[in-house]
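Undergrad: Build the 3D model from these lines:
(chains A and B)
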Amino acid sequence: MTLLDVENLHVYYGQIHALKGITLHVDPGEIVTLIGANGAGKSTTLKTISGLLRPREGRITLSGQDLAALPAHEVVAKGVVQVPEGRRIFGQLTVHENLSMGAYTRTERDGIDGDLERIFTLFPRLKERRAQVAGTLSGGEQQMLAIGRALMSQPKVLLLDEPSMGLAPVLVEQIFETITGINQLGTTVLLVEQNAYMALQIAQRGYVLQTGEIALSGSAKDLQANVEVRKAYLGG
Amino acid sequence: MEPAAKTARGVWRSVVQTGALWGAGAIFLALVGLVEAVSHRQIVAGVLSLAYALLLLAGLGAGTQVSRRWAGRAAWQRIVGGALAGALVGVAVELLVVIGRSVNLRIMLINASPPLYEILSFGRGLGGVPLMMLAQTGAGAIGAAAPLLPPWFRRPVIAGLSMAFVIGLFQDLVQLMLQSGVRAGLRSLLFTGDGLALHGAVLLFVFAAGLSVLRARYRAPAGRWAVGLPPQRRRVLRWITMGAVVAAILILPWVAGLFISQVLVLVGLYTLMGLGLNLEVGFAGLLDLGFVAFFAIGAYTVGLLTTTGPLAVAHLAWWTVVPIATVVSLIAGVFFGLPILRIRGDYLAIATLGFGEIIRLLVLSDFLRPWLGGSQGVLGIPRPVLVGLEFRGPQQLIYLTVVASALVAFVAARLRDSRLGRAWMAVREDEDVAEALGINTVNVKLLAYGIGGAFAGVSGAIFAVMLGSVFPHSFNVLISINVLALIIVGGMGSLPGVMVGSLALVGLPELLREFSDFRFLVYGAVLIVMMQLRPEGLWPTAVARRELHDGAQAPAVPGHAVELAGAKEGDG
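TA: All right, here's what the predicted structure looks like:
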């Protein structure tokens, strides 16, 4: 039984046909990655799933419920939340305030406090800096904060858009470890990455996007072994 | 050798630059006619007129600036530098006199008149030229010496001088306040026929300086004493303070007199509007240049529903209509928000500008004349009456505006700290992320427009009874811009800032009314200087202060600056 199901998705930016019939699915508990070159439509796919863009055609369902017609804030309430590209934390607020904003859709005080503690165990660094202004965090810490903020809404599916972007290699590794950790705690992950090598290491399955279409799909192992993928995205 | 020569040249350059700049400022004020216009205004009767005060302020400012720039140098160097800069201001001003006497500048500069030259040379013809230079040199030296003085001495002196200057500047108003009984005695003590007497100025100086000394001496101990009190006593103390504030507000209009009460009512109305616009711009980040529309809607609703004139719809009491006006403005705000929901940034500013104009043109139009009165407006709006007390004039209306402002400020504060307030904050910081966090940005934005509009509607409701009539021309775009300017000057997003801002931008120009058009010159200059020196506003929120004054700590654009930091630190 699939958790997130995307069928024949067509998205346009004005006249530009950005997604030309994307079909993919994510099973419960999986990490699935979308890889591909710049402009292939990876981020567009994520934004459409999370309701920030409207598809002209196609279906998006979560456990059978239609998402495509819902506005973004209701998609969040259904349990699909996106960590936007470039982190985009609230730079003037403290770490703690940022995390509280993440729980905006929820009202039960106890549950929120419990989740806050869970996130602080996941990211001890954020606990140390909970009263610090978020804009003064390092890039890696900001990415952790952005992920933590998204987790505060208790998502079923976490959509990650380029979490490794602009980070030092040692931090990239750490972020990917964290993603695996979050997944093991029961959150399903759909991961968009340019760093295909790292993404395929932690994912179970992957889709390769090319100019708005799915060029290839399969298990992460198969994709890693695929000659064309190796040539195009893994450096030979 | 080389670097020494370089610094020496740098030193000269900074003196020349500063002197020339302030000199140019003084010449500008003279040529726009301000100096001549204020020359009859005595700050201290027979001793100092406002014109000379302004001119000498240029020398003083130049001296202080040089002295500040040379903070590391010896005292005598700073004073000499300041004096030189002051002298330069004097040279610049007197150059105008010398040139103006030989060449007819009036062809282009209509204010370059002989009386102006007389003022600039102390009425002594060319003989006054060195005198003015000397005076400016002295002013420069004094200005340069000021930062050298120890604070315990400097603060009382500045406090005393400011007090004497302000009382001298507003002497008409002050004299109006001191009309009878003991107050009349005080008046004859301080003032002569022409203005503040010299001994009066000295008395005021001593009084303010003394207060400043006492404050420096006892402020910290008093604070410690208050904190040290047991909670119960502290609560009593707080009640006493609040009681004193209420009592002060109650007697204020009767002490201040009619004119100042009128000004304060206006300040109150702008505070109300400011609180509303602050909710849109400061909290939710939605720029709005058509805010006057809600003010107009509030005023017209009250006008039409209470008037005894020919346009009467219903003869309701003002108290009944205020809630109606509030709701009507709220609904208008929501409708106003609908078409512009998807517009952001600069485009939003233009779109909202249009809305304000639409409302003004609608109430002015011949088409709606049978209902709204067209350019004739709505007349005959009765004053509100509360248990036999009629709110006749500004001295009564002041209570109404104070109560309304306090109420609205309370609501705004509660909203800011609510769930909705947090949602506004998120929309302001990053609308896409707000949406992605599950915030219904449509509702949240419409609520900001609606509630903001409702606040302005309350303001309009009081405005209508203040004038007793409502005219379309009262609702021009300048009001929208004024309200926006006052919340920026006060401090974006800050509630006390709104009040401070409207005192500064509405109250001051009203008090300076006698200087007619020049007050807008002052107004503009104040805005520019403010944005240079204190971009966060007079009473900023903690967040804004953090952002603008610890620049190194909190980069304004988190994404860019921190990416580098992250790569550099690398320790995650």
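
Undergrad: Find the centremost residue of the chain, please.
TA: No chain in the question, so chain A it is. A:L160 (1.6 Å; C-alpha atoms, centre = their mean).

Undergrad: look at chain B instead
TA: B:A504 (2.0 Å).

Undergrad: Average pLDDT for the helix ranked longest in chain B, rounded please.
TA: When chain B is parsed with DSSP state H, its longest helix is helix B:231-277. On average, the pLDDT along helix B:231-277 is 90.

Undergrad: Kindly report the same for stretch B:354-363.
TA: For stretch B:354-363, the per-residue pLDDT averages 91.

Undergrad: So which bits of it are buried?
TA: B:F355, B:G356, B:E357, B:I359, B:R360, B:V363 (16 or more other C-beta atoms under 10 Å in any protein chain shown). In short, each C-beta sits where N, CA and C put it, glycine included.

Undergrad: what's the host helix or strand of the fourth one in contact with?
TA: Following DSSP states H and E, the helix or strand that holds B:I359 is helix B:345-364. Here helix B:345-364 makes contact (C-beta atoms under 8 Å, 6 or more residues apart in numbering or on different chains) with B:286-293, B:296-297, B:300, B:336, B:339-340, B:343, B:368, B:372-375, B:472-473, B:475-477, B:480.

Undergrad: and the two most separated of the buried residues of stretch B:354-363?
TA: Maximum pairwise distance among the buried residues of stretch B:354-363 (C-beta to C-beta): 13.3 Å, between B:F355 and B:V363.

Undergrad: ok so, going back, neighbouring contacts of the helix or strand containing the residue nearest to the centre of chain A?
TA: In this assignment (DSSP H and E), A:L160 forms part of strand A:157-161. The set of residues external to strand A:157-161 that reach it, using C-beta under 8 Å, 6+ apart, is A:3-4, A:26, A:42-43, A:46, A:49-50, A:62, A:79-85, A:147, A:150-151, A:179, A:182, A:187-192.

Undergrad: Only whichever of these are buried, select them in PyMOL.
TA: For the buried members of the contacts of strand A:157-161, the matching PyMOL selection, counting by 16+ other C-beta under 10 Å, is:
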select buried, chain A and resi 3+4+26+42+43+46+49+50+62+79+80+81+82+83+84+85+147+150+151+179+182+187+188+189+190+191+192
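
Undergrad: could you pull out the strands for chain A?
TA: Counting by DSSP state E, chain A has strands at residues A:4-13, A:16-26, A:31-36, A:57-62, A:65-66, A:80-83, A:157-161, A:188-193, A:205-210, A:213-219.

Undergrad: where does chain A dip in pLDDT?
TA: Regions of chain A meeting the criterion pLDDT under 70 cover residues A:236.

Undergrad: After the longest helix of chain B, which helix or strand is next?
TA: helix B:292-306.

Undergrad: Helix B:231-277 and the following helix or strand past that next one, what's the angle between them?
TA: Sequence-wise, the next helix or strand downstream of helix B:292-306 (DSSP H and E) is helix B:318-337. Helix B:318-337 and helix B:231-277 are oriented at 60 degrees to each other (axes from the mean of the first three to the mean of the last three C-alpha atoms, to 10 degrees).

Undergrad: Check the burial of the closest residue to chain B within chain A by counting its neighbours.
TA: At 2.0 Å from chain B, A:G139 is the closest residue in chain A, using C-beta to the nearest C-beta. Each residue near A:G139 was counted by other C-beta atoms under 10 Å in any protein chain shown, and the total is 26.

Undergrad: That one contacts A:P163, correct?
TA: No - A:G139 lies out of contact with A:P163 (C-beta atoms under 8 Å); the separation is 11.0 Å.

Undergrad: measure stretch B:172-185 end to end?
TA: 16 Å (C-alpha to C-alpha, to the nearest Å).

Undergrad: Oops, could you answer that again for stretch B:304-321 instead?
TA: Distance across stretch B:304-321, first residue to last, is 10 Å (C-alpha to C-alpha).

Undergrad: ok, residues contacting it?
TA: B:301-303, B:324-325, B:371-373, B:378-386, B:461, B:464-465.

Undergrad: ok, back up a step: quick one: closest of the strands of chain A to A:R130.
TA: Evaluated with C-beta to C-beta, the strands of chain A place strand A:80-83 nearest to A:R130, the distance being 19.3 Å.

Undergrad: so how far is the longest helix belonging to chain A off the chain centroid?
TA: Counting residues, the longest helix found in chain A (DSSP H) is helix A:169-184. Relative to its chain's centre, helix A:169-184 lies at 13 Å (C-alpha atoms, centre = their mean, to the nearest Å).
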